[in-house]
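Trainee: Need the 3D shape of this:
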Amino acid sequence: MATPFILGVGAIAAAVAGRSLLRGGKGAAEQWVKGGFKARMDRKEAIAILGLKDGPTLRNRLKDAHRQIMLANHPDRGGSPYIASKINEAKDLLDKELKR
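Mentor: Purely as a prediction, here's the structure:
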């Protein structure tokens, strides 16, 4: 009676350990930036919101990154209106800076 129970617990422990190794040991919560949004958005935060890297290709990737993120977070598809407004604010800020 105890042997099947011990084998079951061992199998579960092995599965959990294997899963954490495959994921690289980093939890999903650790991948996000700590804290909330800043009161006034700056360039660094806008780039982080859109998942871009600062560099010469920023202008080319801005439109595609905004489109992909808005498709996933649009309020008409169940997304948050607040998050959508922050995504749009990030795009507008970067777009305005790049046009200078």
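
Trainee: buried stuff in whichever strand or helix holds Leu62?
Mentor: Per DSSP states H and E: Leu62 is located in helix 58-73. The neighbour-count check on helix 58-73 (16 or more other Cβ atoms under 10 Å) flags Leu58, Leu62, Ala65, His66, Ile69, Met70, Asn73 as buried. Every C-beta, even on glycine, is put in place using the N, C-alpha and C of the backbone.

Trainee: now swap in stretch 37-56 and tell me
Mentor: Using 16+ other Cβ under 10 Å as the test for burial, stretch 37-56 gives Met41, Glu45, Ala46, Ile47, Ile49, Leu50, Leu52.

Trainee: Show me those that map onto helices.
Mentor: Counted as lying in helices by DSSP state H, out of the buried residues of stretch 37-56, are Glu45, Ala46, Ile47, Ile49, Leu50.

Trainee: Go ahead and confirm the last one touches Glu89.
Mentor: So that's Leu50. No - counting by Cβ atoms under 8 Å, Glu89 is not a contact partner of Leu50; they are 10.6 Å apart.

Trainee: Tell me, how many residues neighbour Leu21?
Mentor: Around Leu21 there are 9 other residues, counting by other Cβ atoms under 10 Å.

Trainee: Repeat that for Ala90.
Mentor: Count around Ala90 with other Cβ under 10 Å applied: 24.

Trainee: nearest residue to it other than its sequence neighbours?
Mentor: Excluding its sequence neighbours, the residue lying closest to Ala90 (Cβ to Cβ, 6 or more residues apart in numbering) is Ala46, at 3.8 Å.

Trainee: Same check on Lys53?
Mentor: Ile47 (7.3 Å).
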